[in-house]
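Chemist: Next input, structure requested:
(one chain, ligands or ions: 1)
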Amino acid sequence: MNKNSEIRSFKKLTLKELKEEVKIIKDQLPSDEKKVITYSKNFTLSLSNYCINQCGYCYYNYKIPKLNGEGNVILLSNDQMVTLTQEALQYKCKEALIMSGERPGSFAEVKKELEKLKYSDFIEYVKDICTYLLDFKILPHTNLGFLTYDEMKELKKFNASMGLMLESTSMNFFNKGKVHEHSLGKLPVKRIEHITNAGKLKIPFTTGLLIGIGETIEDIIKDLYLIKNIHTKYGHIQEVIIQNFVNKEGIPYQPKKPINLQEMLKITGIARIIFENEISIQIPPNLIAGFEKEFIDMGIDDFGGISPITLDYINPENQWPQIDNLYKICKDKDYFLKERLPIYDKFIIKEGFCPENIKKVIDNMNLDD
Ligand code: SF4
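Modeler: All right, here's what the predicted structure looks like:
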């Protein structure tokens, strides 16, 4: 079957048929893996919301006034970082999601702050933060938008894993009035280069699609295959996030027809069929609250990072779930909710994927906490 006829046959499948196919795939897993859903207890260090892009759906960017009046972060201060880290330690968080807008270091305001702190550039600052966290046995997972090969190579030494959303490779989004009109950093060629470089560098990697920003089902299926093909070549993608766009006031993109539950379930099932059991599928639980069981039936196996202390800065109105509640939901479905690290177990032991200093931190962590 060629790609186009595969896309056509995927489109025809009903949710019931998808669920049956997903079950056949999941049944091929060993019994101790079949009924497990993972999550990572994390917190977020939002280093700077300065960003060279301006995506139509973005609420995080410094140019979007925040509804709660919160100001912009030019550069997270040392004091803020120390306070958050200490709080994270009390809650036994094992992962720090380190995020920023894309290339914040190119803004004069950010450069000035970096100079005050005696950093030559943004990457040096990030490396220092990662080192600080590792000293407390917290594993960094960094996502700063597009990075060069050399920047990623440098950051690999300080990170358990890294991430970058593919989002969508639709070139239609760059047309006038579309969501990526002012976001050259989102050019598919750049995102694909970044994800491929992560593979060449053997970085355990998270990517994903943003659904409901004007793409077609054909675009989505092609992008799922694209991710699968990169992974087949390099074997580095641990999980793919299927993230639904959630509308917010104050942003330019206001869809006429928001993505609905049925469409999200269908895409999730198709993703499981394409990835088989090779790549985990993550659904952010705060964006599909109340429908977790339906997504479990469609083959998800991860709820991603859940923070007891910091917001989802991309969707601040969508509160993280209580872990106890999520545990109960999984139990009702005869699944077990299990905490994981930002690096999946199979990548800790996979040759070349986990630097020795990170392995040492993992060996000294108390994983039963
Ligand atoms: S690149 Fe990320 S932070 Fe920047 S505008 Fe787009 S979504 Fe927002």
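Chemist: Count the residues that sit near the spatially closest residue to Asn315 that is not a sequence neighbour.
Modeler: Excluding the flanking residues, the one nearest Asn315 by C-beta to C-beta, 6 or more residues apart in numbering is Val246, at 5.2 Å. (Glycine included, C-beta is placed from N, CA and C.) As a burial measure, Val246 scores 19 neighbours (other C-beta atoms under 10 Å).
Chemist: My understanding was that Val246 contacts Asn318; is that so?
Modeler: Yes: look at Val246 against Asn318 with C-beta atoms under 8 Å: they come within range, at 6.2 Å.
Chemist: what's the burial count for Asp369?
Modeler: When neighbours are counted by other C-beta under 10 Å, Asp369 registers 9.
Chemist: Tell me the residues of the stretch 1-150 of the chain that contact the ligand?
Modeler: Within the stretch 1-150 of the chain, the residues that sit near the ligand (C-beta under 6 Å from any ligand atom) are Cys51, Asn53, Gln54, Cys55, Cys58, Tyr60, Asn61, Gly101, Glu102, Gly145.
Chemist: The first one should be in a helix, yeah?
Modeler: No: secondary structure assignment (DSSP: H, G, I helix; E, B strand; the rest coil) places Cys51 in coil, not in a helix.
Chemist: show me what contacts it?
Modeler: Contact analysis of Cys51 by C-beta atoms under 8 Å, 6 or more residues apart in numbering lists Cys58, Tyr60, Asn61, Tyr62, Ser100, Gly101, Glu102, Arg103, Pro104, Gly145.
Chemist: hmm, try it at 6 Å
Modeler: By C-beta atoms under 6 Å, 6 or more residues apart in numbering, the contact list for Cys51 reads Asn61, Gly101, Glu102.
Chemist: Is the first one in a helix, a strand, or coil?
Modeler: What three-state DSSP gives for Asn61 is coil.
Chemist: same deal with Ile241?
Modeler: Of the three states, Ile241 takes strand under three-state DSSP.
Chemist: Mind listing what's buried along stretch 358-369?
Modeler: For stretch 358-369, the neighbour count (16 or more other C-beta atoms under 10 Å) marks Ile358, Val361, Ile362 as buried.
Chemist: Apart from its chain neighbours, what residue comes closest to the first one?
Modeler: Okay, so that is Ile358. That would be Ala160: by C-beta to C-beta, 6+ apart, it lies 5.3 Å from Ile358.
Chemist: Tell me how many other residues crowd the one you found.
Modeler: 31.
Chemist: all helices for the protein, in order.
Modeler: Counting by DSSP state H, the chain has helices at residues 3-12, 15-26, 31-34, 78-90, 108-116, 122-135, 149-156, 188-200, 217-234, 261-275, 292-297, 323-332, 345-348, 356-363.
Chemist: Can you convert these into TSV and add a column each for mean pLDDT and distance to Gly305?
Modeler: Converted to TSV, these look like this (pLDDT from 0 to 100; distance: least, C-beta to C-beta, whole Å):
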stretch	mean pLDDT	distance to Gly305
helix 3-12	84	29
helix 15-26	97	23
helix 31-34	91	21
helix 78-90	96	12
helix 108-116	97	25
helix 122-135	98	14
helix 149-156	98	18
helix 188-200	98	18
helix 217-234	97	20
helix 261-275	97	19
helix 292-297	98	16
helix 323-332	96	12
helix 345-348	97	16
helix 356-363	97	17
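Chemist: looking at those, which is buried most?
Modeler: helix 261-275 (a mean of 20; mean count of other C-beta atoms under 10 Å).
Chemist: got a list of contacts for it?
Modeler: 10, 15, 18, 21-22, 220, 224, 228, 242, 244, 281, 291, 294-295, 298-299.
Chemist: can you list the residues of the stretch 151-300 of the chain near the ligand?
Modeler: Contacts of the stretch 151-300 of the chain with the ligand, taken as C-beta under 6 Å from any ligand atom, map to Ser183, Gly185.
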